[in-house]
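Undergrad: Starting from these lines, generate the structure:
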Amino acid sequence: MIQALLFDLFETLVTESSASVRRASSLARQLGVEEGAYRQLWRSRRSDIVRGRCSFRDTLAEIVQTLGGTVEEAVLEGLRSERVRQKGAVLRSIEPEVLAVLEALRARRLKLAVVSRSGAGCHGCVGIPAYVHIAETGV
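TA: The predicted structure follows:
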């Protein structure tokens, strides 16, 4: 008998598909590096962020350094803050159907949990914390 369900947050309970979230692969100009080389390094390191091995901010700094550039801390912090803000907007626009499903599962006395390495914080999810336990790692 199923007693608990574990959900990933992004693209499971919430989606960025219709949101205006700037893709990290498009940040070369702001970081002062060549776009093609940046995109290639971003693609090779993105999985480290997804798996919580490295933060978004640190990955950007490492890519710039690898490409022989320098970037001010204020630029890195600005890009990190922008990403958190954009992801937060996604979290505040949860589909009513998702909340209805969570409500139905809770009515069955199932334990529900959400995991995320988003760094944006599921605590910003409108409605979801009322239904689930939240575990987060990394930014």
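Undergrad: Now do the strands in this protein.
TA: Listed in chain order, the strands of the chain (DSSP state E) span residues 4-8, 111-116, 133-136.
Undergrad: mean confidence score for the last one?
TA: It stands for strand 133-136. Summarised as a single mean, pLDDT over strand 133-136 is 56.
Undergrad: just the longest one next, same as before
TA: Summarised as a single mean, pLDDT over strand 111-116 is 80.
Undergrad: Specify the angle between that strand and strand 4-8 in degrees.
TA: Put simply, strand 111-116 runs at 20 degrees to strand 4-8, going by axes from the mean of the first three to the mean of the last three Cα atoms, to 10 degrees.
Undergrad: Any chance of JSON lines for the strands of the chain, columns distance to Arg83 and mean neighbour count?
TA: Where C-beta positions appear, they are placed from N, C-alpha and C, glycine not excepted. What follows is these, written out as JSON lines (distance: least, Cβ to Cβ, whole Å; neighbours: other Cβ atoms under 10 Å):
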{"stretch": "strand 4-8", "distance to Arg83": "18", "mean neighbour count": "13"}
{"stretch": "strand 111-116", "distance to Arg83": "14", "mean neighbour count": "18"}
{"stretch": "strand 133-136", "distance to Arg83": "15", "mean neighbour count": "14"}
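Undergrad: Tabulate the ones you listed (CSV), appending distance to Gly68.
TA: Formatted as CSV, the entries for the strands of the chain read as follows, by distance: least, Cβ to Cβ, whole Å:
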stretch, distance to Gly68
strand 4-8, 36
strand 111-116, 34
strand 133-136, 34
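Undergrad: Compare those strands and report which one is nearest to Gln86.
TA: With Cβ to Cβ, the closest approach to Gln86 among the strands of the chain belongs to strand 111-116: 14.9 Å.
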